[in-house]
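1. Next one to model:
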Amino acid sequence: MTDRREIQKNKLRQNLIDSDARVEVRERRSAAPFVIAFIVLIMVVAAFFHYRNESMLATSYEEAWNRETSGSGAALTFRGYCGFSGGIITYTKDGAEFTDENGNSVWQRSYQMNNPACDVNGSYAVIYDQGGTHLNIFSNEQCTGSGNTVLPLSLARVSGKGVVYTVQNDDDADFINVYRKDGAEIDLTVKSVVNGDGYPFDIAVSPEGSQLLTSYISVGDGVVTESVVFRNFGEVGQNEDARRVVGGFMDEFDGHIVTKVGFSGETYAHAFYDGGIVFFSTKVLNSPEVLKKVEIEEEILAVASCKSGIAVIVRTEDDDEPRKLMVFDNEGNVSGSAGFNIPFEGLEINDTNVIIYSTDRILGYNLRGHLTADINYEGILSFVCGTVKQREFIAAESGRLCRIKGGY
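-> Just a heads-up that it's a prediction; the model follows:
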């Protein structure tokens, strides 16, 4: 009798469990459409706000902050600017100052230079005396070091780790020398002569500092030859020759001059020439390759690059829009283009904005070439750079900086 009761109890329990499971399954099934609908709603709302943000055009502005910049006397005869780490570097013949995105003066440095020039890469910058022998290296927190070279400097490029590559000149040859972020020289030299490898017209350094890209102009038998050479000073380059050459390209530039080279991160590089752009991949460190050669028939007026893309301004035959902006991704594909008609003074690009500016007007674009800001500025602009936000810029006048937010 007891066994029969236990069997009946077990059957009852099993029926209850099965009933609960069926109810749970029905509840899950009934809840699923609501979850899917909620996810779809979120996606639609996100797409709406993204589209609205992309399509809105800022035509007015307000100042988030403004401040006077230091410097007087001889310093005012020259004043240069460079966008840096979300803020801006102001440099003169007798000193430099970094102002961050919030308008705070992070560092100031005094020096004496006849012809100062600046280069930035990530969170490091170098200011050097072109034609002189002095350089200063900075992080986005402080001056990390300074150094003096034996020969006059023609170029200096900094990596994202603070390592600085320089081109130095004497009457017979040119030398590429390297310095640590504290200004101490590294025992590494690349020598070249005009009738051999050629004159280093421009150099670029990868963010990590181990890759060097050089454009050379050489002269032999009255013929000018252009080449682009990749070197690797990391472990990969140790397996190559003593000059650390891992790749060289000439045919792509036959009959042309390479005016500027650059890296877009560690895995992409590019070379601007008088007729287009050549895009490279450096994913295989000991074997860089050409991804694409983009020929540009129009006259190239200005170029700029960052780790996310490249911007080019060309002259057109359109009377209404005599200039055109072209934006490329790192593989050479056109991301967008737009015509414009202002007499531009400068072109800048960061990971958020492409900026074209004249002395009293700012055009802002996203990286797909869509116009996001058209601002008439109440003052005389010397320089404009982007911030991490769209439609927000840091504008420089003589002796004054301000951050402006685009309005509608």
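
2. can you give me the strands in the stretch 101-250 of the chain?
-> With strands called from DSSP state E, counting those that start in this stretch, the stretch 101-250 of the chain shows them at 105-110, 116-121, 124-129, 134-139, 143-148, 153-158, 164-169, 174-179, 185-192, 199-205, 211-220, 223-232, 245-249.

3. Redo those as JSON lines? Include mean pLDDT, distance to Ser85 and mean neighbour count.
-> C-beta coordinates here come from the backbone N, C-alpha and C atoms, glycine included. Converted to JSON lines, the strands of the stretch 101-250 of the chain look like this (pLDDT from 0 to 100; distance: least, CB to CB, whole Å; neighbours: other CB atoms under 10 Å):
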{"stretch": "strand 105-110", "mean pLDDT": "96", "distance to Ser85": "9", "mean neighbour count": "14"}
{"stretch": "strand 116-121", "mean pLDDT": "98", "distance to Ser85": "8", "mean neighbour count": "21"}
{"stretch": "strand 124-129", "mean pLDDT": "98", "distance to Ser85": "8", "mean neighbour count": "26"}
{"stretch": "strand 134-139", "mean pLDDT": "98", "distance to Ser85": "9", "mean neighbour count": "23"}
{"stretch": "strand 143-148", "mean pLDDT": "96", "distance to Ser85": "14", "mean neighbour count": "17"}
{"stretch": "strand 153-158", "mean pLDDT": "98", "distance to Ser85": "12", "mean neighbour count": "23"}
{"stretch": "strand 164-169", "mean pLDDT": "97", "distance to Ser85": "17", "mean neighbour count": "23"}
{"stretch": "strand 174-179", "mean pLDDT": "96", "distance to Ser85": "20", "mean neighbour count": "20"}
{"stretch": "strand 185-192", "mean pLDDT": "93", "distance to Ser85": "24", "mean neighbour count": "14"}
{"stretch": "strand 199-205", "mean pLDDT": "96", "distance to Ser85": "17", "mean neighbour count": "22"}
{"stretch": "strand 211-220", "mean pLDDT": "92", "distance to Ser85": "22", "mean neighbour count": "21"}
{"stretch": "strand 223-232", "mean pLDDT": "92", "distance to Ser85": "27", "mean neighbour count": "19"}
{"stretch": "strand 245-249", "mean pLDDT": "95", "distance to Ser85": "30", "mean neighbour count": "19"}
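
4. Ile36: which of the ones you listed is closest?
-> strand 116-121 (46.3 Å; CB to CB).

5. Looking at the strands of the stretch 101-250 of the chain, which is nearest to Ile39?
-> Across the strands of the stretch 101-250 of the chain (criterion: CB to CB), the nearest stretch is strand 116-121, sitting at 41.0 Å.

6. tell me what that closest one is packed against?
-> strand 80-84, strand 87-91, strand 124-129, strand 153-158 (3 or more CB pairs under 8 Å, 6 or more residues apart in numbering; DSSP states H and E).

7. With distance to Tyr365 added, can I get those in a markdown table?
-> Shown next, in a markdown table, are these (distance: least, CB to CB, whole Å):
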| stretch | distance to Tyr365 |
| --- | --- |
| strand 80-84 | 16 |
| strand 87-91 | 20 |
| strand 124-129 | 25 |
| strand 153-158 | 27 |
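
8. Please tell me how far the spatially most central residue of the chain sits from Ile349.
-> With distances taken as CA atoms, centre = their mean, the chain has Cys306 as the residue nearest its mean C-alpha position (1.9 Å). Using CB to CB, to the nearest Å, Cys306 is found at 5 Å from Ile349.

9. can you check Glu185 too?
-> From Glu185 to Ile349 the distance is 33 Å (CB to CB).

10. same thing with Gly399?
-> Gly399 is 26 Å from Ile349, by CB to CB.

11. again, but for Pro200
-> Pro200 is 25 Å from Ile349, by CB to CB.

12. And the contacts of stretch 138-149?
-> 84-85, 87, 89, 96, 98, 100, 106-107, 109, 111, 123-127, 133-137, 162, 166, 168, 177, 179-185 (CB atoms under 8 Å, 6 or more residues apart in numbering).

13. what about it, distance to the chain center?
-> 21 Å (CA atoms, centre = their mean, to the nearest Å).

14. Over to stretch 294-303?
-> 19 Å.

15. Okay, buried residues for it please.
-> Val294, Ile300, Ala302, Val303 (16 or more other CB atoms under 10 Å).

16. Give me the contact list for that stretch.
-> 259-260, 272, 274-279, 310-316, 323-324, 326, 328, 332, 344, 346-347.

17. at 10 Å instead, please
-> 259-260, 262, 270, 272-279, 310-317, 323-326, 328, 332-334, 344-349, 356 (CB atoms under 10 Å, 6 or more residues apart in numbering).

18. Are any of the residues you listed buried, and if so which?
-> For the contacts of stretch 294-303, buried by 16+ other CB under 10 Å: 260, 262, 270, 272-273, 275-279, 310-314, 323-326, 328, 332, 344-349, 356.

19. So which of the residues you listed are in helices?
-> Among the buried ones among the contacts of stretch 294-303, no member falls in helices (criterion: DSSP state H).

20. Ser110 - nearest residue in space that isn't next to it in sequence?
-> Spatially, and ignoring its direct neighbours in sequence, Ser110 is nearest to Gly95 (4.4 Å; CB to CB, 6 or more residues apart in numbering).

21. Now the one you found. Its backbone dihedrals?
-> Gly95 adopts backbone torsions of phi 170, psi 170, taken as degrees, to the nearest 10.

22. Next: Ile404.
-> According to degrees, to the nearest 10, Ile404 has phi -120, psi 140.

23. The buried ones among the contacts of stretch 294-303 in strands, which ones?
-> Of the positions in the buried ones among the contacts of stretch 294-303, 260, 262, 270, 272-273, 276-279, 310-314, 323-326, 328, 346-349, 356 sit in strands, assigned by DSSP state E.

24. pLDDT below threshold where in the stretch 201-350 of the chain?
-> 237-242 (pLDDT under 70).

25. Bridging across strands, which residues link to Lys260?
-> With DSSP bridges applied, Lys260 shows beta-bridge pairing to Phe272.

26. Correct me if wrong: it contacts Phe201.
-> Yes - here Lys260 reaches Phe201: they are 8.8 Å apart, a contact under CB atoms under 10 Å.
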